[in-house]
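> The sequence isn't on hand, but the structure is:
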């Protein structure tokens, strides 16, 4: 078993190597990063097909120009471009139809989640009436079984008495040899 001094020396050397590794990895990360060119402004795009693939750009058919998408608002203001003429993402779908279709899809998803929650979480739990009915059915079954056992015991006792007094039809009782003479 290593002594405490040897264990402390091993921990301190491991700690030094870990610190050195972290320093080298942070320094090498900084060296690997290349400077990026400034992004192309949206106004430089001249048609819808080159404008809409960029998420930050919005094409307006009324003015035929590409503008920055106003990220401060969820919907672009009407003074920038009417919703029916604005295109974002794809040229063939106007912004108004995009919003309506996204709302419908979200509504369907929420409805499906609600239905799943109702079906899965609100399953029929056994009510007090059902539990009482189950208990009484179990009690009736136990009573029926006990009655059946008592009936079998009673039949066995009766058969034993019949055999004892020679009232059975079988020939194993002691007086059976005198019956047919």
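Perfect, thanks for sending it. If you're wondering where the values come from, they're calculated on a predicted model, not measured in any experiment. Numbers count the residues shown, from 1 in each chain.

> Am I right that residue 87 is in contact with residue 62?
No - counting by CB atoms under 8 Å, residue 87 sits too far from residue 62 to count as a contact (11.1 Å). All C-beta atoms are positioned from the backbone trio N, CA, C, and that covers glycine.

> Counting neighbours, go ahead and name the busier of the two.
Set residue 87 next to residue 62 and count neighbours by other CB atoms under 10 Å: residue 87 wins out with 22 against 10.

> Do a quick rundown of the strands in this structure.
Using DSSP state E, the strands of the chain run over 57-60, 65-68, 86-87.

> who touches the first one?
What that stands for is strand 57-60. Contacting residues not belonging to strand 57-60 are listed as 42, 45, 48, 51-52, 65-70, 76, 80-81, 85-88, 91, 95 [CB atoms under 8 Å, 6 or more residues apart in numbering].

> now residue 59, which residues is it bridged with?
According to DSSP bridges, the residues that bridge with residue 59 are residue 66, residue 87.

> Count residues in the vicinity of it, would you?
26.

> what's the pLDDT at it?
Predicted confidence (pLDDT) at residue 59: the value is 90.

> Kindly report the domain assignment for this protein.
In terms of domains, the chain is parsed into 14-21+36-124, 135-165 (source: the TED database).

> Which stretch among those domains is buried most, on average?
Most buried of those by mean neighbour count (mean count of other CB atoms under 10 Å) is domain 14-21+36-124; its value is a mean of 13.

> Report the mean confidence score over the lengthiest helix in the chain.
Longest helix in the chain by number of residues (criterion: DSSP state H): helix 128-164. Helix 128-164 shows a mean pLDDT of 90.

> Distance from the chain centre to it, please.
Here helix 128-164 is found 48 Å from its chain centre; the criterion is CA atoms, centre = their mean, to the nearest Å.

> One more: stretch 159-168?
Counting by CA atoms, centre = their mean, stretch 159-168 is centred 71 Å from the centre of its parent chain.

> Now the terminal residues of it, how far apart.
8 Å (CA to CA, to the nearest Å).

> so residue 85 sits right up against residue 94, yeah?
Yes - using CB under 8 Å, residue 85 makes contact with residue 94 at a distance of 6.8 Å.

> need the helices for this structure, in chain order.
Remark: helices assigned in the chain by DSSP H are 4-32, 48-51, 95-121, 128-164.
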